[in-house]
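**Student:** here is the input, now give the coordinates:
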Amino acid sequence: MVVLTLRRYLPRSLAKAIETIFTHLVFILVIAPFFFVFFYMVWSSLKPDYLFFEPGTWFFEPTLYHYQQVIEESDLMLNIRNSVIVSSAASAIGVICGVMTAYTIARYQLRKLAMAILITRMIPYITALIPLWMMYRWFDLLNTYTGLILSHLVITIPFGVWILISYIEDIPRDLEDAALIDGATRTQVFWKIVLPLTMPGIIATTILCFIFSWNNFQLALILGGIDVNTAPVSVFKFAGAETGSMGAMMAAATLVTIPVFVVVMFVQRYMTAGLTAGGISK
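**Tutor:** Predicted structure coming up:
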C-alpha cells in the first residue's frame with residue numbers, strides 16, 4: 001500500500017529511491033536481532049568468567065581460554081563429528097527418498113499420501129520418543145549411528161517431500177511425454193530429465209535438511225548415548241552450574257554454530273536459486 005502510494009504521487013526516480021531505502025530498512029530490522037544474538041554469543045565466549053557477573057560490560061581484553069577449555073577438556077569436537085556423520089547421512093537419504101516420493105505424488109496425484117506425510121511431520125517428536133526408545137532397545141539401536149540416522153529421517157524425508165513436490169510440478173509434462181514417445185522408460189525420464197531440472201531444488205533441500213537435522217536436540221538426547229552424542233547435546237552439558245562456566249557454554253555454542261554458518265555462506269547462491277525456482281510457474 002505504501003509503495004503504491006509513493007508511485008502514484010511522487011516522481012518515479014524519487015519513489016524508487018524511497019522504496020529501496022524502505023526495503024533495506026525493513027530487512028535490517030528483521031535480521032538485526034538474529035545477528036545481535038550471534039554477535040553476543042561470540043563476544044561473550046571471549047569474556048573472562050568474572051565479568052559474567054557484570055552483564056553491562058562490553059569492553060574487555062578478549063581471551064581464548066574458554067575455547068581451549070572446551071576443545072581440550074570436553075568431547076565437543078567428537079560430538080561435532082558425530083553430528084556431521086548423522087546429519088549428512090540423514091540428509092542424503094531423506095533427499096533421495098524425498099525426490100522419488102515427490103515425483104510419484106506430483107505425477108500420479110497421490111494427495112492422500114502427501115497429506116499422510118504432512119501429518120507425520122506435524123506430530124511432535126516428544127510423543128514418539130518413548131515408543132521409539134523401546135523399539136530401539138529391542139533392536140539394539142540405542143547409542144548407534146544407524147539408530148540416530150534412522151530417527152532423523154522423520155525430519156528429513158517429510159520435509160524433503162513437501163519442498164520438492166513444487167519443483168517437480170513446475171517441470172512441464174510435455175518434456176516427459178516427448179521422451180516417452182521417443183522410447184524412453186519412466187525410469188530414464190526420471191533420471192535424465194526430471195532429476196537434472198530439479199537439481200537446484202535438491203541442493204537447497206539438502207542444505208535445509210542438514211540444518212534441521214544438525215539442530216535437532218530431542219532425538220539425540222533420548223536415542224543417543226555416550227558414544228553417539230551430537231553437538232547440541234554436548235552444548236547442553238555446559239548449561240549446568242556444576243559442569244561448566246557461561247564462557248565455556250558460549251564457546252561451545254559458537255563452535256557448534258560455525259560449521260552450519262560456513263556451509264550456508266558457501267552455498268547461499270545455490271540455496272537462493274533453488275528456493276526461488278520452486279516458486280516460478282512455467
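**Student:** what pLDDT does the residue lying closest to A220 once chain neighbours are set aside get?
**Tutor:** Using CB to CB, 6 or more residues apart in numbering and skipping the chain neighbours, the partner closest in space to A220 is T230 (4.1 Å). Just so you know, the C-beta spots here come from the backbone N, C-alpha and C atoms, and that holds for glycine as well. pLDDT recorded at T230 is 92.
**Student:** what sits against T230?
**Tutor:** Residues near T230 by CB atoms under 8 Å, 6 or more residues apart in numbering: 79, 82-83, 86, 148, 214, 216, 220, 224.
**Student:** do T101 as well
**Tutor:** Counted by CB under 8 Å, 6+ apart, T101 has contacts 113, 117, 157, 161.
**Student:** let's see which of these end up in helices.
**Tutor:** Applying DSSP state H to those, the entries found in helices are 113, 117, 157, 161.
**Student:** neighbour-wise, which one of the residues you listed leads?
**Tutor:** V161 (28 neighbours; other CB atoms under 10 Å).
**Student:** quick check: that one vs I96, distance?
**Tutor:** 11 Å (CB to CB, to the nearest Å).
**Student:** then F34?
**Tutor:** F34 is 31 Å from I96, by CB to CB.
**Student:** so the two - more neighbours on which side?
**Tutor:** Taking other CB under 10 Å, F34 and I96 do not tie; I96 has more neighbours (15 against 9).
**Student:** could you list the low-pLDDT ranges of the stretch 51-200 of the chain?
**Tutor:** Along the stretch 51-200 of the chain, segments meeting pLDDT under 70 span 55.
**Student:** repeat that for 80
**Tutor:** For the stretch 51-200 of the chain, residues meeting the criterion pLDDT under 80 lie at 51-58, 121, 125-126.
**Student:** the stretch 1-150 of the chain: strands as residue ranges?
**Tutor:** Under the criterion DSSP state E, counting those that start in this stretch, the stretch 1-150 of the chain carries no strands.
**Student:** can you give me the helices in it?
**Tutor:** 2-9, 12-45, 65-73, 76-108, 111-122, 126-138, 145-170 (DSSP state H, counting those that start in this stretch).
**Student:** reformat those helices as CSV; add distance to E54.
**Tutor:** As requested, the helices of the stretch 1-150 of the chain are exported to CSV (distance: least, CB to CB, whole Å):
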stretch, distance to E54
helix 2-9, 43
helix 12-45, 12
helix 65-73, 17
helix 76-108, 27
helix 111-122, 45
helix 126-138, 38
helix 145-170, 40
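**Student:** tell me the contacts of the residue minimising distance to the centre of the chain?
**Tutor:** Geometric centre of the chain, nearest residue: I211, 2.3 Å, by CA atoms, centre = their mean. Residues near I211 by CB under 8 Å, 6+ apart: 260, 264.
**Student:** again with Y67
**Tutor:** Contact partners of Y67, counting by CB under 8 Å, 6+ apart, are 45, 251, 255.
**Student:** 7 Å - rerun?
**Tutor:** 45, 251 (CB atoms under 7 Å, 6 or more residues apart in numbering).
**Student:** again, but for S74
**Tutor:** Contacts were defined as CB under 7 Å, 6+ apart; by that measure S74 touches S234.
**Student:** now with 8 Å, please.
**Tutor:** So S74 contacts 234, 237-238, 244, 248, 252 (CB under 8 Å, 6+ apart).
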